[in-house]
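K.L.:
Compute the structure for the input listed below.
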Amino acid sequence: MPANNEKIDVSFVMTVYNKEYYLPAVLEALLNQTGLKNPEFIFVDDTSKDRSVEIIREKTKNIPNVTIVAKDKNEGISVTINQGIKLAKGEWVRMLDSDDILPIDSTEKMLNLALKHKADMVYGKFKKTGKEPMDICHEKMPDDFDYYYKKDAMRAVLKGRFTRMGQLIRRKVLTQAGGADTRVFIQDESIPLRAARFANGIIKIFAEVVLVPKETNNLSKNTNQLDNDRFFAHYNLLLDYHDTLDKDTCAILYMKALSANWKYVKKNLDHPYWTADFFRYLKAKIFHPQPDFQFLEQLAHRFLSLDNVLRSKGE
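P.N.:
Numbering: from 1, shown residues only. Sure, this is the predicted structure:
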């Protein structure tokens, strides 16, 4: 229970894996988020081999509402974030990686907009700063920034860009969605796609809600991993829910899956423009056909055959 028996307003859920370089600054920004009544902090470590867990314990020693899960089995980011989401008690959940630095007033401003517009999801931009983590851990958002509200969250997600964490989502929506798709290693695309099916409104902020410090080792450098996970985030949603989605949404999801595949093909095949991959992608861009699941299954088998792509190991 909360130390002061107040209702928890925001649950911060952080996945952790070998990020001791970043964590002192990340925690400094996280634990000093402004304007919250009674937040909680959930850290789920996916078997780090460095001092990550020790640093979290040291920095949160006198902080209320802290949960630290040190796993003994490595299962991947999507499985790990879902384990944290299941522990959350707040009305809202804000998720982040252990190298994401949140402007200290960003959660307050995101929450205020969500309450003002009765929106279930809020996201914003991120910025690669190239700076040392401790140099940006006290940054604030600008007071004056643009944003939009869309009632149709699914359409907004399909037309927007979700490339990092830092989203604020109502917990009941995340629970209905089942969190991340654990068949996809990186959760960045699957969480907003699946949550949007249940969300009543979404807000996009045109200002940075996540600051990225100088990067050391990042999964985003493996473009095959990104293409694989984008493909499966859209393909799996189609497989699971095409009977309940409208035809226009199915067509967009199909085009997104083909787009992820085309990005992979362009980088990895010698003559990409003379392939079925290109012509299918071009046809989907122009004519918006309904999904060809037989062709998508062929693409799925190809992605699953890649040996330089990480896969979830649990659930």
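
K.L.:
how about the helices in the stretch 51-200 of the chain?
P.N.:
52-59, 77-87, 106-117, 153-159, 171-177, 190-196 (DSSP state H, counting those that start in this stretch).

K.L.:
Format these as JSON lines; extra columns: mean neighbour count and mean pLDDT.
P.N.:
C-beta: built from backbone N, CA, C; applies to glycine. Listed next are those as JSON lines, based on neighbours: other CB atoms under 10 Å; pLDDT from 0 to 100:
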{"stretch": "helix 52-59", "mean neighbour count": "18", "mean pLDDT": "98"}
{"stretch": "helix 77-87", "mean neighbour count": "22", "mean pLDDT": "97"}
{"stretch": "helix 106-117", "mean neighbour count": "19", "mean pLDDT": "98"}
{"stretch": "helix 153-159", "mean neighbour count": "20", "mean pLDDT": "93"}
{"stretch": "helix 171-177", "mean neighbour count": "19", "mean pLDDT": "98"}
{"stretch": "helix 190-196", "mean neighbour count": "26", "mean pLDDT": "95"}
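
K.L.:
so which of these gets nearest H138?
P.N.:
Nearest to H138, of all the helices of the stretch 51-200 of the chain, is helix 106-117, at 12.3 Å by CB to CB.

K.L.:
How about residues contacting the closest one?
P.N.:
Here helix 106-117 makes contact (CB atoms under 8 Å, 6 or more residues apart in numbering) with 9-10, 12, 33-36, 39, 92, 94, 119-122, 124, 141, 147, 149, 166, 168, 170, 201, 203, 205, 209-210.

K.L.:
are any of the residues you listed buried, and which?
P.N.:
The neighbour count (16 or more other CB atoms under 10 Å) marks 9-10, 12, 33, 36, 39, 92, 94, 119-122, 124, 141, 149, 166, 168, 170, 201, 203, 205, 209-210 as buried among the contacts of helix 106-117.

K.L.:
Relative to D292, which of the helices of the stretch 51-200 of the chain is closest?
P.N.:
D292 sits nearest to helix 153-159 of all these, at 18.7 Å, using CB to CB.

K.L.:
And the pLDDT for T163?
P.N.:
Looking at T163, its pLDDT stands at 56.

K.L.:
actually N4, not the one I wrote
P.N.:
pLDDT, N4: 57.

K.L.:
Quick check: N18 vs S98, distance?
P.N.:
9 Å (CB to CB, to the nearest Å).

K.L.:
what do these two both touch?
P.N.:
With CB under 8 Å, 6+ apart, N18 and S98 have common neighbours S52.

K.L.:
So those two - more neighbours on which side?
P.N.:
Taking other CB atoms under 10 Å, N18 and S98 do not tie; S98 has more neighbours (26 against 17).

K.L.:
got a list of contacts for stretch 292-306?
P.N.:
In contact with stretch 292-306 (CB under 8 Å, 6+ apart) are residues 224, 227-228, 231-232, 235, 238-239, 254, 257-258, 261, 264, 276-277, 280, 309.

K.L.:
let's go with 6 Å and repeat that
P.N.:
If you take CB atoms under 6 Å, 6 or more residues apart in numbering as the criterion, stretch 292-306 is touched by 224, 228, 231, 235, 261.

K.L.:
now swap in stretch 205-223 and tell me
P.N.:
So stretch 205-223 is contacted by 100-101, 106, 124-131, 133, 136, 141-142, 145-147, 164, 166, 225 (CB under 6 Å, 6+ apart).

K.L.:
Show me which residues of it are buried.
P.N.:
Neighbour-count burial for stretch 205-223 [16+ other CB under 10 Å]: 205, 207-213.

K.L.:
now the end-to-end length of it.
P.N.:
Taking CA to CA, to the nearest Å, stretch 205-223 runs 26 Å from one end to the other.

K.L.:
and it, how far from the chain's centre?
P.N.:
12 Å (CA atoms, centre = their mean, to the nearest Å).

K.L.:
now swap in stretch 307-315 and tell me
P.N.:
17 Å.

K.L.:
next one: stretch 173-185
P.N.:
Going by CA atoms, centre = their mean, where stretch 173-185 is centred and where its chain is centred differ by 10 Å.

K.L.:
And for stretch 306-315?
P.N.:
17 Å.

K.L.:
Just the buried residues of the helix or strand harbouring F279, please?
P.N.:
Here F279, judged by DSSP states H and E, is contained in helix 276-287. Residues of helix 276-287 classed as buried: 277-278, 280-281, 284 (neighbour count, 16+ other CB under 10 Å).

K.L.:
Stretch 33-52 now?
P.N.:
Buried residues in stretch 33-52, counted by 16+ other CB under 10 Å: 33, 36, 38-48, 52.

K.L.:
returning to that earlier point: buried sites along the following helix or strand past the helix holding F279?
P.N.:
The C-terminal neighbour of helix 276-287 among helices and strands, as given by DSSP H and E, is helix 293-304. For helix 293-304, the neighbour count (16+ other CB under 10 Å) marks 295-296, 299-300, 303 as buried.

K.L.:
immediately after the longest strand along the chain, which helix or strand?
P.N.:
With secondary structure taken from DSSP state E, the chain has its longest strand at strand 202-212. Stepping forward along the backbone from strand 202-212, the first helix or strand reached (DSSP H and E) is helix 223-241.
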